[in-house]
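Peer 1: Build me a model from this:
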Amino acid sequence: QVQLVESGGALVQPGGSLRLSCVASGFTFSDYPMKWYRQAPGRERGERVFVARISASGRTIDYADSVKGRFTISRDNAKNTLNLQMNSLKPEDTAVYSCHILYRGNNYWGQGTQVTVSS
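Peer 2: Numbers count the residues shown, from 1 in each chain. Predicted structure coming up:
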């Protein structure tokens, strides 16, 4: 079965950096585009907001306007791992970050990892 396990979330000061990872299993990772979403505090669980996406090969990448120039999505297909490098973090980046795949018509997310940006 599809499994996505995120890690790397933490409490960080404004202006700081974090690197999130998502280890995938249960499907051929290198065949599928992947995305990062986030859910800010106070939002219903269903209100995940798109952050970034990367094609199966890694050659095509797209970001939400709110994170362009600060976040970098990448993948290591040999290790079945999706990454999100987050720099110049702001308090409004505080959220639970989840990786996502659309696999055989179904949406899958991991359990998420908490990122808190606060002084």
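
Peer 1: where's D62 relative to V2, distance?
Peer 2: 22 Å (C-beta to C-beta, to the nearest Å). From N, CA and C alone the C-beta is placed, and that goes for glycine too.

Peer 1: Show me which residues of the strand or helix carrying R75 are buried.
Peer 2: Assigned by DSSP states H and E, R75 belongs to strand 71-76. Residues of strand 71-76 classed as buried: 71-73, 75 (neighbour count, 16 or more other C-beta atoms under 10 Å).

Peer 1: Helix or strand next in line after it, which one?
Peer 2: Moving toward the C-terminus from strand 71-76, the next helix or strand (DSSP H and E) is strand 81-86.

Peer 1: Check what contacts the helix or strand hosting I101 and list those residues.
Peer 2: For I101, the host element (DSSP H and E) is strand 95-103. Strand 95-103 is contacted by residues 2, 4, 6, 9, 20, 22, 24, 27, 32-41, 48-49, 51, 82, 84, 107-115 when judged by C-beta atoms under 8 Å, 6 or more residues apart in numbering.

Peer 1: Likewise for stretch 109-119?
Peer 2: 3-14, 16, 18, 20, 22, 37-39, 48, 86, 89-100.

Peer 1: Let's see the ChimeraX selection covering just the buried ones among the residues you listed.
Peer 2: Of the contacts of stretch 109-119, the buried ones go into a single ChimeraX selection, burial set by 16+ other C-beta under 10 Å:
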select :4,6,8,9,12,18,20,22,37,38,39,48,86,89,93,94,95,96,97,98,99,100
